[in-house]
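In: Got a predicted structure plus its sequence, pasted below:
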Amino acid sequence: MAHITESAPRTPPPPPPPRRASAGTTTFDPAPGTRDFFPDDLLRRRHLTEAWRRASIIHGFDEIDGPAFEHLGLYEARSGPEITNRLFTFKRSGGIHQFALRPEFTPTVARMYAERHASLATPVRWFSVQNCFRAERPGTGRLREIWQWNVDVLGDSSPAADADVIAVAVAALKALGLGPADVRVKVSNREVVSRLLSGAGVQADRMIEVFETLDLRGKVSRAHLVRSASALGFDLNAFDNVATQVARALSARRYDALLRDAGAGELGALGGPEAADLYQLADLARALDAHGLLEWCDFDLSVVCGIAYYTGAVFQFRDAGPTGRLIAAGGRYDTLVEALGGPATPAVGLGMADDQVLAVLCERGRVPSDEALREALGARVDVLVTHDQTDAAAKRATSVLSQLREAGLHARARRAGAPSATDSNARCTLHIDSADTATITRPGQPPSPPVPAGEVWIAARAAIDRRQPNIP
């Protein structure tokens, strides 16, 4: 769903040491707000993205992908031309069409569904993992390029679909070692909030402004929020009182009592939301309860998610620690597909950003060691081939290396005495002494007796404890 950028401050990494350039050359750092991924960095990113993929597949979602850039009008269709200032836009020299790098994937999902809806069996359950871009000022927790996971259900208007989207995200977080003490899911409904605000006297044409003001909660002072709300024509304290009543009833599973209070007009001076909207929220609470997820969830009607295309249920995943950083966000976008030329289609989805999840994992010490990641991701070296510094040994090593790889083993070669961090955790080391003999060593064991060099790859295959990588 939305491009996840909000975050509480955290200590930035130290700046890289200065680099010297030889005369006549130019050096370049990564573009501001972007990251380089060296091998160990990419292992950690893959650890995250594979957890996303595995959770998606287990929960019955199919993977899709789309272009890294779209027509600018696709993003302007729902957000207006003012969004252009937050996008990387370009036009080919001499061209007439203006494009933008994708700031998020939801508009592409809606466009793809609109294009093929007649041939798709609904509901459609899609997920994707891709990089997204925002042309905003880089800073703590605000990158210009992130990797984002999207899960979407199109063609299902039920609260059960909303709960499915939340459930798959929770499953991924659990697989990464996080629990409800680490991450809280803030659940709300924009229609319920709209009814409450209307009862407080907020005019329909100012509702988006009010949502944007409520979305500032936690980012500005309470006094600032109260003043802003007053300027927009409503009493924030009165709103919060009724919102708290609704949240407490849902958290305590007092669904029927809540609906009775709504029907009797007993939800305070704000006039109370219509029962139909509360039924949706109560049914979502029941569906989350059926998934066993209420321990993760806080019902919080101050959550509205400022994106204009959200229409009903909305939810945010936040760090339960003092930072309160936003990890993921999502909700219903029941009018977006139709706005992009498709049929009226209910839809719900969620987006989760890699940098925020990795920050939470690192702060809690939940990122596995590099050795454990290589094992889990199928990147551990099976056989490290070393050889004496003779032409005959080097030639034999090349032949053995090819045979090992043809046998399906992850094999690497290096000269003896040239260590590598990646190679140090190999399942076994095969050292070619000459063109005729070799020895095999497994971690923690003495070297084997000399093996004829012509049969060494067979002996190495038998010596390793071969384990298949657990990758979906």
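Out: Now that the structure is in, tell me what you want to look at. Residues are numbered from 1 along each chain as shown.

In: Tell me the secondary structure at the spatially most central residue of the chain.
Out: Residue closest to the mean C-alpha point of the chain, counted by CA atoms, centre = their mean, is M352 at 2.8 Å. Three-state assignment for M352 (DSSP: H, G, I helix; E, B strand; the rest coil): strand.

In: D354 contacts C132, doesn't it?
Out: No - with contact defined as CB atoms under 8 Å, D354 does not reach C132; the gap is 10.2 Å. Every C-beta, even on glycine, is put in place using the N, C-alpha and C of the backbone.

In: Give the residues shared as contacts by those two.
Out: Listed as contacting both D354 and C132 by CB atoms under 8 Å, 6 or more residues apart in numbering are I146, W147, Q148.

In: low-scoring stretches of the chain, by residue?
Out: Applying pLDDT under 70 to the chain flags residues 1-24, 79-82, 261-276, 306-307, 416-423, 435, 465-472.

In: Burial check on G351, number of neighbours?
Out: By other CB atoms under 10 Å, 23 other residues sit near G351.

In: So T390 is in contact with S434, correct?
Out: Yes - counting by CB under 8 Å, T390 touches S434, with 6.9 Å between them.

In: Outline the domain layout of the chain.
Out: Domains of the chain are assigned by automatic domain parsing as 39-67+117-367, 380-463.

In: what about the first one, distance to the chain center?
Out: Using CA atoms, centre = their mean, to the nearest Å, the mean C-alpha position of domain 39-67+117-367 is found 14 Å from that of the whole chain.

In: same check, this time on the last one
Out: In this view, domain 380-463 has its centroid 40 Å away from the chain centroid, taken as CA atoms, centre = their mean.

In: just so I have it, where are all the strands in the stretch 101-250 of the chain?
Out: 124-133, 145-154, 183-189 (DSSP state E, counting those that start in this stretch).

In: hmm, back to that, now, among the shared contacts of D354 and C132, which is nearest to Y75?
Out: Nearest to Y75 among the shared contacts of D354 and C132 is Q148, at 15.3 Å by CB to CB.

In: I'd guessed the closest one sits against Q356; true?
Out: No - Q148 is beyond contact range of Q356, at 10.1 Å (criterion: CB under 8 Å).

In: Show me what F99 is bridged to.
Out: For F99, the beta-bridge partners under DSSP bridges are H71, F90.

In: That one and E70 touch, don't they?
Out: Yes - in this structure, F99 is within contact of E70 by CB under 8 Å, at 6.7 Å.

In: now the angle from the lengthiest helix in the chain to strand 124-133?
Out: Across the chain, the longest stretch assigned as helix under DSSP state H is helix 39-58. Using axes from the mean of the first three to the mean of the last three CA atoms, to 10 degrees, the direction of helix 39-58 lies 160 degrees away from that of strand 124-133.

In: Report how many residues lie close to F234.
Out: For F234, the count of nearby residues is 21 (other CB under 10 Å).

In: Equivalent analysis for the one 10 residues further on, please.
Out: Here the number of neighbours of T244 (other CB under 10 Å) works out to 15.

In: how close does it sit to R325?
Out: Separation of T244 from R325 (CB to CB, to the nearest Å) stands at 24 Å.

In: just C362 next, same as before
Out: As for C362, its distance to R325 is 12 Å (criterion: CB to CB).

In: repeat for L120
Out: Distance, L120 to R325, using CB to CB: 36 Å.

In: who are the neighbours in contact with A31?
Out: Neighbours of A31 in contact, by CB under 8 Å, 6+ apart: R144.

In: where does it land in three-state SS?
Out: When classified by three-state DSSP, A31 comes out as coil.

In: what about the helices in the stretch 51-200 of the chain?
Out: Counting by DSSP state H, counting those that start in this stretch, the stretch 51-200 of the chain has these helices, from start to end: 72-79, 106-116, 159-175, 190-199.

In: Run through who's touching the last one.
Out: This points to helix 190-199. Helix 190-199 has contacts (CB under 8 Å, 6+ apart) with 204, 207, 210-211, 214, 234, 239, 242-243, 246, 270-274, 277-278, 280-281, 301, 304-305, 310-314, 331.

In: And these, which of them are buried?
Out: 207, 210-211, 214, 234, 239, 242-243, 246, 270-274, 277-278, 280-281, 301, 304-305, 310-314, 331 (16 or more other CB atoms under 10 Å).

In: These in helices, which ones?
Out: M207, V210, F211, L214, F239, V242, A243, V246, D277, L278, Q280, L281.

In: my read: the fourth one touches V304, true?
Out: Yes - with contact defined as CB under 8 Å, L214 reaches V304; the gap is 5.0 Å.

In: ok, T345 - contacts?
Out: Contact analysis of T345 by CB under 8 Å, 6+ apart lists Y113, A114, H117, L154, G155, D334, V337, E338.

In: Report the beta-bridge partners for E145.
Out: Under DSSP bridges, the beta-bridge partners of E145 are F133.

In: hang on, the earlier thing: for C362 and R325, work out which one has more neighbours and name it.
Out: Between C362 and R325, counted using other CB under 10 Å, the more crowded position is R325 (25 against 12).

In: any idea how far G331 is from the more buried one?
Out: Counting by CB to CB, the separation of R325 from G331 is 19 Å.

In: ok, V451 - how many residues close by?
Out: As a burial measure, V451 scores 20 neighbours (other CB under 10 Å).

In: Could you dump the strands of the stretch 101-250 of the chain into TSV with mean neighbour count and distance to D41 added?
Out: Compiled in TSV, those are given as follows (neighbours: other CB atoms under 10 Å; distance: least, CB to CB, whole Å):
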stretch	mean neighbour count	distance to D41
strand 124-133	20	14
strand 145-154	25	12
strand 183-189	25	23
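
In: before we move on, back to that, ok, which of the domains of the chain comes nearest L74?
Out: Across the domains of the chain, L74 has its closest neighbour in domain 39-67+117-367 (7.1 Å, CB to CB).

In: Give me the distance between the two termini of the closest one.
Out: One end of domain 39-67+117-367 sits 15 Å from the other (CA to CA, to the nearest Å).

In: circling back to that earlier point, how about the secondary structure of the closest residue to the residue nearest to the centre of the chain other than its chain neighbours?
Out: Excluding the flanking residues, the one nearest M352 by CB to CB, 6 or more residues apart in numbering is A328, at 3.8 Å. For A328, the assignment made with three-state DSSP gives strand.

In: does A328 have beta-bridge partners, and which?
Out: Applying DSSP bridges to A328 yields these beta-bridge partners: F317, M352.

In: residues touching it, list them.
Out: Listed by CB under 8 Å, 6+ apart, the contact set of A328 reads I4, A169, Q316, F317, L350, G351, M352, A353, Q356, V357.

In: could you dump these to a markdown table with distance to S228?
Out: Rendered in a markdown table, the data for those read as follows (distance: CB to CB, whole Å):
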| residue | distance to S228 |
| --- | --- |
| I4 | 24 |
| A169 | 31 |
| Q316 | 20 |
| F317 | 26 |
| L350 | 28 |
| G351 | 27 |
| M352 | 29 |
| A353 | 27 |
| Q356 | 26 |
| V357 | 31 |
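
In: Fine, thanks again, bye for now.
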